[in-house]
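# my questions are about this predicted structure, shown below with the sequence.
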Amino acid sequence: MIDNGSATSELILMAGNVAAAEGAVRAGCRHYFGYPITPQNDLPEYMSSRMPEIGGTFIQAESELAAISMVHGAAAAGAPAMTSSSSPGISLKQEGLSYMAGSQLPCLLVNVQRAGPGLGDVRCAQGDYFQATRGGGHGDYYHPVLAPYTVQETYDLAYEGLLMAMRYRTPVMILSDQQLGQMMEPVELSPMRPLPDKWPDWALTGAAGGRPRNYIHSYCGRPGELVALNRTLMDKCEQMSRDLLRFESVATDDAELVLVAYGTSARLAKAAVARCRAAGLKVGLLRPITLWPFPSDELAALAEKGKRMLVVEMSWGQMVQDVRLAVNGVVSVGLENTFGGDVPSIGSIVQRIKQELGA
Amino acid sequence: MIDNGSATSELILMAGNVAAAEGAVRAGCRHYFGYPITPQNDLPEYMSSRMPEIGGTFIQAESELAAISMVHGAAAAGAPAMTSSSSPGISLKQEGLSYMAGSQLPCLLVNVQRAGPGLGDVRCAQGDYFQATRGGGHGDYYHPVLAPYTVQETYDLAYEGLLMAMRYRTPVMILSDQQLGQMMEPVELSPMRPLPDKWPDWALTGAAGGRPRNYIHSYCGRPGELVALNRTLMDKCEQMSRDLLRFESVATDDAELVLVAYGTSARLAKAAVARCRAAGLKVGLLRPITLWPFPSDELAALAEKGKRMLVVEMSWGQMVQDVRLAVNGVVSVGLENTFGGDVPSIGSIVQRIKQELGA
Amino acid sequence: MAEIRISGYYCKGCGLCIDACPSQCLRISSSLNDTGVQVAEVVDGGICRGCLQCHAVCPDAAIEILVAARKSQKAAASAGSVGGGQKKSEGAAGDR
Amino acid sequence: MAEIRISGYYCKGCGLCIDACPSQCLRISSSLNDTGVQVAEVVDGGICRGCLQCHAVCPDAAIEILVAARKSQKAAASAGSVGGGQKKSEGAAGDR
Amino acid sequence: MDERILLAGAGGQGALTIGKFIAELLMSKHRVTWFPSYGAEVRGGTAHCHVVISDDEIANPVVEEATALLMMNQPSYLRFRQRLQSDGVLVTNSSMIVLDPPTPASVVVEVAASELASKMGDIRVANMIMLGALNQVKPLMTVDELNGMVDKVLGTSPSKARISDLNKQAFLVGQKEAAVEL
Amino acid sequence: MDERILLAGAGGQGALTIGKFIAELLMSKHRVTWFPSYGAEVRGGTAHCHVVISDDEIANPVVEEATALLMMNQPSYLRFRQRLQSDGVLVTNSSMIVLDPPTPASVVVEVAASELASKMGDIRVANMIMLGALNQVKPLMTVDELNGMVDKVLGTSPSKARISDLNKQAFLVGQKEAAVEL
Amino acid sequence: MSEDMVLKAGRPQSMSEARTHYCPGCGHGIAHRLIMELVDEMDLRERIIGIAPVGCAVVAYHYFDLDMCEAAHGRAPAVATGIKRVHPDKLVFSYQGDGDLAAIGTNEIIHAANRGELISVIFVNNTCYGMTGGQMAPTTIVGQKTSTTPHGRNLLSEGPPLRVSEMLAQLERVVYAERCMLTTAREIGKAKKAIARSLRCQMEGKGFSIVELLSACPTHWRMNPSDARDYIESRLTKDFPLGVIKNTAWPDEA
Amino acid sequence: MSEDMVLKAGRPQSMSEARTHYCPGCGHGIAHRLIMELVDEMDLRERIIGIAPVGCAVVAYHYFDLDMCEAAHGRAPAVATGIKRVHPDKLVFSYQGDGDLAAIGTNEIIHAANRGELISVIFVNNTCYGMTGGQMAPTTIVGQKTSTTPHGRNLLSEGPPLRVSEMLAQLERVVYAERCMLTTAREIGKAKKAIARSLRCQMEGKGFSIVELLSACPTHWRMNPSDARDYIESRLTKDFPLGVIKNTAWPDEA
Ligand SMILES: Cc1ncc(C[n+]2csc(CCOP(=O)(O)OP(=O)(O)O)c2C)c(N)n1
Ligand SMILES: Cc1ncc(C[n+]2csc(CCOP(=O)(O)OP(=O)(O)O)c2C)c(N)n1
Ligand code: SF4
Ligand code: SF4
Ligand code: SF4
Ligand code: SF4
Ligand code: SF4
Ligand code: SF4
Ligand SMILES: [Mg+2]
Ligand SMILES: [Mg+2]
């Protein structure tokens, strides 16, 4: 499909899932392990032909558990590896994710969310926000969660996410959704990043060249060992919080009401904002691009200015908690949501904005 | 060990894990499926001898995934079934838990928390709070989470939790921890509850007696079907929030500072409160017994009275979010925590209380 | 001689019954059903032997085969008589 | 004749070496090591054949067997000479 | 430009492919989205896609109110006929579709695409005939652009020459048919 | 009552069992907790348990500052000797423990429990000897209570009579030894 | 219709009235009908419970008018175990695809079989993941092109097709395992007999049994239904030989 | 010591200086030593990577002075796959217990084997879950009492012990499988040869190989080390016959 790794000034029409794959590839991913699940199948399918072209590895694992553990192994071996799945499959990866976080191993993990709970449906949803940003796996850990809202941004964040993963030795998740994953949009590709000429110091490569051996583990049974690991992880999380935060502000300056939305919801919220602005309503949008770290300070600052908040999301109300935590009671925070596979309509968001603004 | 099912006025010295098992047994559990993991091994071990005594089923499953699916099957067949594990094993049950919530199937699930992330350590922790109360599995769902702080309460909540599960057709989780699970305390047992003389209407028993067949599923591919299921689940959650809330207040009336803690942390917090009260400090404790539903209104009411909050927990800070959400900025919320297997000392809590009260 | 009925509702036009019929009784019709499928139909004047092969291979349980009452008491007993809408078979013999 | 050394640090007193020794050279001592274990020791005057069986069965790699230099050049080459602390074996032969 | 086109047909009819054609051809000048629908429920049923073309950011890739419907078989027509906005354009493959129930569309183009394609020697080009017909009533691309895209997708190797030519011709046939129809 | 007792020994020495004995015997009159430690790290090493007895709610089942240490082997002694509060009681199995490094404990009872038990014909009752010794310096139970508990745990069937008796005797032996020691 | 004609063969009564969502020529429909015919003939409807898999047959519960349960992908044997242990007097069958049973669910099927759970497993092997778009399954044959083996399954990196039934047959408490194919009326008849036997294994408490059905997926094989049927016979049976793989339930019967 | 004496046998150099946490007489220590001896003898230290399991050998990485990785419980073969695919020029071995490999990890071992991953699996079978307190493993023999089979493993509800090596040997790309026991010097010597062969399978690109080691768990068998050793020989080998189960790597070698 894309025969070489050169940058395209020319645009290429791509599905979000494929863009995530190609973004990772161009950032240096040569190892993909996954298990089919709708609505992300075109991602592994693309990788199954892309990887052999560039001397990489594609394995269709026997399960999501195996896939995340293969990623664990490849990461421990020093490779920037990737896996992807959708909601039920992501649940199965939680133990592995907790292990990788604890072992300080990098990887790029894409969740193309579908509707739940259980087998649910393959339609669009954002019901995995909690799982992604806190608490999916056991124990304390956080990792960057990136939320694109266009195919181009999916490409970009996959590219950057993989590098981020390697830089901080952390799993990085792209939190996509069914619509964003399956939709095609034009994408401008960056050039293929040259592969590093050596493995990271900490990688398992065979203890050659006189270096002390490396070992990678999350088990910490020695006195004080696990407390120390937790401290290291906390410090790293703090560092990442400082370094990685990204968000987009649209017309928030003079807004009385600020919408907060990510992913597919953000597309619709943005359109609703535009429509309402055209009608003279003072409404803006804050779109978190990183869900972890979350733009809490920015929201708090907006709240300090008295701007009320309205969260648009496709769940019972998950991100709304982070917004409430951020504004800490200073302003009211509303929720305009859909669930069960439904996507909010621009009309209903506009309606709600008008209602909130008494217009 | 306990040869019959009669109530004991006499006390029995029991480990928390065994108390959870016997509580479930006395409430009518005859089907246990689990996989060994420290620090909850005495629970399945107890069941392996207890179940045959009372004509029940004990299966050591091939994995946690299999265990939760066996529970799924037994529950679908109408039986009040149980499983237990500890943190990494609970992560593996998340997909299954989401399926059970979506399928509206009851079960009692015990998580005897250990320290993470990853393999971590078998020592005490409360790092699975987020996972338990929100977002462990994919999609939107909540289920009751019960947090005992003594062995007696572990017994009681297991008993009641199983009945709760059957009443609402929902998974119910006991969130215990290593210390609470392995510690022995005297327990007073209730009599064995008679088994119901028929299966629930919705159960799979073979479509006999002219009733329409039953089928149990979470997949909802028909238009509107999944939205409807989500609404049903939301309504049920609302109902459960109203019905099930439990907490204990200790000396909060005239308190200036209210500690919030559950499980093992609550034991220590309570002792710290007692010590400080003896020293004339105005400090109290609100101990959530249900973590979901969470006593948010009660905390909000205390906050309205100007009482500041201090959360004591064994994690990087998880329950503290629920407390912050509850008080919504009205008062400050502090965190006194340990992690990585360490348990807070009463002394350090006292210290912190003094500091907070400027004493 | 037997009579064949193909349900235009269930038939998906896969053609497997046509392949299976030793008497070339069946063909794909030119008419579409409500889902736009060209369903199978009985060839005019086709002589059905009642061999059931079309029924056996049909993935959509779209075929009914009827025979004269006398010839097949036993089958009728287990399959229910025509038009009998009852859900339970009467005195099913089992295949043991 | 060979010389046996048992590390009081590694030995856990399991007794497997004692069972294994065809020459009854070994026994459990009465002295405890730092972990309170009664470790194995060489019987006074025991005549070791250097058969390595004790070494083979020891789960704690607690046994060293030494032989006169000449007799065992090859073994020395692959196992490193006594006291040689280097981590890499010199010109290891492999077993292919 | 501001178009929202819904294209639908049976599994192999190629409605998704021509949707992609449109999106790819217009993406250099406008914003575009292409969104497929693979229903998990209905197999061997219809496959359809949504193409949105706009000069503004596209919020919603799902076509609720279409400016054009391109329908290749009866089930598609039945399923989507209500999704056309009042001044929208309906293009149908009349080889497989009867307008029953009738359509309220003001502009209707019925092209016997399947039959015409069969006559051309390859049923698979029915979709290109449909595309040509659509382009006649709703000009989206020039013939040159179309030809360029066919070359890009199929390549210009001699082995592909026949099928490539056939596609290009099919487009012209469609345009002509629609012109006659109107 | 307010006791915090730490009992430790090698895997099979039965320190956990007598810990449970104490807890069970006192639970009707006081609050008690018993908390074991199964270290994942050290296998075949020490097993130990914490017994807390109090008339108030017990917050912490872990004994940080013990009112009594009951140590059955050297590694246990080495590991826990610092955990005794200044006026605490140390009871050791002198068959297996030398007080090196020395203990600062004010009350020390050294009982050759393993040897005495061997002499009694069953090394397994060393723990009951230790319990008897502890009870001598820190009265927790009456002999009757102890006997009742032994009967409860072991049952009173004739087949158990010998081992039951042995346990009861061992307790007395321990008490006596400690009395002499003091 | 003349008044005195009776139905010799038609839709099984235990099959619901719903039209299935399967593609034309899909083997699932045949497998469904066989099971439902046996439920009718053996009069089992009131004492049988089925488990639907995650796969194209995910909504099999809409087609089987029986008490039915869903299972998470691959976990049907564990769900079946749970049900059977609660209702040992009922018959329990799991219906599973090859992705479900031979990939993600390998662990569950092996251990259910090893325990000798008294359940019947109907294993529909169409050598691909039908539901998700025809990706490689563990059963995909070497050289077979799928959406994740664009150049055909490669023996060296993906290994050969896994023959689960043979693997299970090694286990002591697996008393009956047979592989059939859903092609001609004759072969379909054999498949029905095999399923009947498997149900009898349960009724008579013999042990675990499995019937593997080679089944067409015309859609992902990119064949018309007739070719797909012929492909099973001419090609798949080379890798998946037909017949009784094990029968210790009634050793005399074959 | 006389000056001219040399070390004929001692601690392998690739073994760290740490004292293990294993119980006295535990087979893990023997298995560890064998592997490290081979690493020394075959000069592999700089090109081998090991995977430690979750089980009593969880901190094997503290004892093997090699590049080592942890794996989640049962997933060692998947982790090994990931490593090997990144470093095809290195040797990769997974070290797994019977709970790890034959219970929770059944799926991963079967599919890694079926793919023919070029890894060596050292499978330490002590017929119980050592680490968690001696519970029943899939390999526990019928009648064996464990903490979750208080009356002994029951054939009818728990099934017979699972012979994974035999199961794997059925797979085409498994080229070598042997079962040995860690008892006498002679048997331990055979085990070492088997492990060496398994490593050679990798070096020569033959395919997947596994060496199963019957190993004592005196603690949970409630036996002293000598009796535990004898029990392997007298009892376990009945259910787990010793010897080469498959060798298509070098068919001539037996
Ligand atoms: C945990 C999880 N992983 C993956 C999926 C996606 N999925 C649904 S069906 C299926 C495989 C279907 O193949 P098979 O079992 O062979 O059934 P078929 O459709 O071929 O009948 C997969 C991978 C899922 N639903 N859940
Ligand atoms: C997901 C998960 N489940 C369970 C456990 C607990 N666990 C640790 S080791 C082990 C089994 C150990 O048995 P085996 O693999 O035979 O190793 P051994 O200790 O006998 O050498 C179990 C169940 C875990 N750590 N993680
Ligand atoms: S019953 Fe036999 S002869 Fe009659 S139509 Fe069917 S296949 Fe043909
Ligand atoms: S086999 Fe059935 S579905 Fe196929 S064409 Fe014949 S009647 Fe129709
Ligand atoms: S080398 Fe042989 S003879 Fe010498 S001590 Fe060891 S076993 Fe005994
Ligand atoms: S075999 Fe090793 S550990 Fe055991 S007693 Fe002998 S030297 Fe000590
Ligand atoms: S995709 Fe294949 S298995 Fe699924 S319904 Fe269609 S033909 Fe059947
Ligand atoms: S418990 Fe068993 S396997 Fe584990 S270290 Fe002890 S003897 Fe070895
Ligand atoms: Mg399949
Ligand atoms: Mg084991």
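Perfect, I can see it now. Ligands and ions are numbered 1, 2, ... in the order given.
# chain center to stretch A:38-49, what's the gap?
When distances are taken as CA atoms, centre = their mean, to the nearest Å, stretch A:38-49 is centred 18 Å away from the chain's centroid.
# list the buried ones in it?
For stretch A:38-49, burial by neighbour count (16 or more other CB atoms under 10 Å in any protein chain shown) applies to A:38, A:39, A:40, A:41, A:42, A:43, A:44, A:45, A:46, A:47, A:48. Where C-beta positions appear, they are placed from N, C-alpha and C, glycine not excepted.
# residues in contact with residue 73?
As the question left the chain open, I've gone with chain A. H:51, H:69, H:71, H:78, H:79, H:80, H:81, H:82, H:83, H:84, H:86 (CB atoms under 8 Å, 6 or more residues apart in numbering or on different chains).
# actually it's chain G I care about, not the one you picked
Residue G:73 sits next to A:88, G:53, G:54, G:55, G:99, G:100, G:104, G:105 when contact means CB under 8 Å, 6+ apart.
# one more time with 6 Å
Taking CB atoms under 6 Å, 6 or more residues apart in numbering or on different chains as the criterion, residue G:73 is in contact with G:54, G:104.
# ok, is stretch A:292-300 in contact with chain B or not?
No - Stretch A:292-300 does not reach chain B (CB under 6 Å from any CB of the partner chain); its nearest approach is 10.1 Å.
# now, which of the contacts of residue A:73 sits nearest chain F?
residue H:71 (17.1 Å; CB to the nearest CB).
# the closest one and residue H:77 touch, don't they?
No - Residue H:71 lies out of contact with residue H:77 (CB atoms under 6 Å); the separation is 8.3 Å.
# low-confidence ranges, chain C, go.
The model of chain C has pLDDT under 70 over residues C:70-96.
# what parts of it come near chain E?
Taking CB under 6 Å from any CB as the contact definition, chain C meets chain E at C:35, C:36.
# so which residues of chain C form strands?
Remark: strands assigned in chain C by DSSP state E are C:3-6, C:26-32, C:38-42, C:63-68.
# so which of those strands comes closest to ligand 8?
strand C:63-68 (62.4 Å; CB to the nearest ligand atom).
# so does the closest one get close to ligand 4?
Yes - Strand C:63-68 reaches ligand 4 (CB under 6 Å from any ligand atom) through residue C:63.
# list the buried residues for that strand?
Of all the residues in strand C:63-68, those buried under the rule 16+ other CB under 10 Å are C:63, C:64, C:65, C:66, C:67.
# just stretch A:249-263 next, same as before
Buried residues in stretch A:249-263, counted by 16+ other CB under 10 Å: A:250, A:251, A:252, A:255, A:257, A:258, A:259, A:260, A:261, A:262, A:263.
# and if you look at stretch A:212-223?
By neighbour count on 16+ other CB under 10 Å, the buried set for stretch A:212-223 is A:213, A:214, A:215, A:216, A:217, A:218, A:219, A:220, A:221.
# what about the closest residue to residue C:30 other than its chain neighbours, distance to chain A?
Leaving aside its sequence neighbours, residue C:30 sits nearest to residue C:38 (CB to CB, 6 or more residues apart in numbering or on different chains; 6.6 Å). Per CB to the nearest CB, to the nearest Å, residue C:38 is found 29 Å from chain A.
# show me what residue C:38 is bridged to.
On the basis of DSSP bridges, residue C:38 is bridged to residue C:32.
# contacting residues for it?
Residues in contact with residue C:38 (CB under 6 Å, 6+ apart) are C:13, C:28, C:32.
# any chance of the residues you listed in CSV, plus neighbour count and distance to residue B:283?
Converted to CSV, these look like this (neighbours: other CB atoms under 10 Å in any protein chain shown; distance: CB to CB, whole Å):
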residue, neighbour count, distance to residue B:283
C:13, 23, 78
C:28, 16, 84
C:32, 18, 79
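# can you tell me the residue of chain A closest to chain H?
Nearest residue of chain A to chain H (CB to the nearest CB) works out as residue A:73 at 2.4 Å.
# that residue belongs to a helix, doesn't it?
Yes - counting by DSSP: H, G, I helix; E, B strand; the rest coil, residue A:73 is found in a helix.
# which one is it nearest to, not counting chain neighbours?
Nearest to residue A:73 is residue H:82, by CB to CB, 6+ apart, at 2.4 Å.
# so which strand or helix has residue G:157?
Assigning secondary structure by DSSP states H and E places residue G:157 in helix G:155-158.
# next one: that helix to chain centre, how far?
On CA atoms, centre = their mean, the centre of helix G:155-158 falls 26 Å from that of its chain.
# and the next helix or strand along the chain from it, what does it pack onto?
Sequence-wise, the next helix or strand downstream of helix G:155-158 (DSSP H and E) is helix G:164-169. When contacts are defined as 3 or more CB pairs under 6 Å, 6 or more residues apart in numbering or on different chains; DSSP states H and E, helix G:164-169 sits against strand G:174-181, strand G:208-214, strand G:243-247.
# any idea which of those strands is most buried?
Comparing the helices and strands packed on helix G:164-169 by mean neighbour count (mean count of other CB atoms under 10 Å in any protein chain shown), strand G:208-214 comes out on top with a mean of 29.
# the closest residue to residue A:306 other than its chain neighbours: neighbour count?
Sequence neighbours aside, residue A:331 is the residue nearest to residue A:306 in space, at 6.5 Å (criterion: CB to CB, 6+ apart). Residue A:331 is flanked by 20 other residues according to other CB atoms under 10 Å in any protein chain shown.
# so how many other residues sit close to residue E:33?
The burial count for residue E:33: 27, using other CB under 10 Å.
# next one: the one 4 residues further on
Summarising burial for residue E:37: neighbours were counted as other CB under 10 Å, giving 15.
# surely it meets residue E:47?
No - judged on CB under 6 Å, residue E:37 makes no contact with residue E:47 at a distance of 7.2 Å.
# contact partners for the residue in chain E sticking out farthest from the centre?
Distance from the C-alpha centroid of chain E peaks at residue E:158, with 26.9 Å (CA atoms, centre = their mean). By CB under 6 Å, 6+ apart, the contact list for residue E:158 is empty.
# just the helices in chain A please.
A:16-27, A:42-53, A:64-76, A:87-92, A:94-102, A:129-133, A:151-168, A:178-182, A:225-244, A:263-278, A:296-304, A:319-327, A:346-356 (DSSP state H).
# nearest to ligand 8 among those helices would be which one?
So among the helices of chain A, helix A:225-244 is nearest, using CB to the nearest ligand atom, at 19.8 Å.
# what about the closest one, near chain H?
No - using CB under 6 Å from any CB, helix A:225-244 stays clear of chain H, coming no nearer than 10.7 Å.
# list the contacts of that helix.
Helix A:225-244 has contacts (CB under 6 Å, 6+ apart) with A:142, A:144, A:168, A:220, A:290, A:293, B:115, B:120-121, B:339-342.
# quick one: mean pLDDT over the longest helix seen in chain G.
When chain G is parsed with DSSP H, its longest helix is helix G:185-203. Taken as a whole, helix G:185-203 carries a mean pLDDT of 98.
# that helix vs strand G:208-214, what angle?
Taking axes from the mean of the first three to the mean of the last three CA atoms, to 10 degrees, one finds helix G:185-203 and strand G:208-214 inclined to each other by 160 degrees.
# and helix G:185-203, what's buried?
G:185, G:187-188, G:190-192, G:194-202.
# what about the helices in chain E?
Under the criterion DSSP H, chain E contains helices at E:15-26, E:74-80, E:113-120, E:126-137, E:143-154, E:161-181.
# from chain F, how far out is residue A:97?
Relative to chain F, and taking CB to the nearest CB, residue A:97 is found at 23 Å.
# same check on residue E:31?
59 Å.
# with only the CA atoms kept, save stretch A:79-86 in PDB.
Only the C-alpha atoms of stretch A:79-86 are listed here, as PDB (Å, rounded to 0.1, in the frame of the first residue of the first chain):
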ATOM      1  CA  ALA A  79      12.700  -3.200  20.500                       C
ATOM      2  CA  PRO A  80      10.000  -0.500  20.200                       C
ATOM      3  CA  ALA A  81       7.100  -2.900  19.900                       C
ATOM      4  CA  MET A  82       3.400  -2.400  19.400                       C
ATOM      5  CA  THR A  83       0.100  -4.100  20.000                       C
ATOM      6  CA  SER A  84      -3.500  -3.100  19.400                       C
ATOM      7  CA  SER A  85      -6.900  -4.300  20.300                       C
ATOM      8  CA  SER A  86     -10.400  -3.100  21.200                       C
END
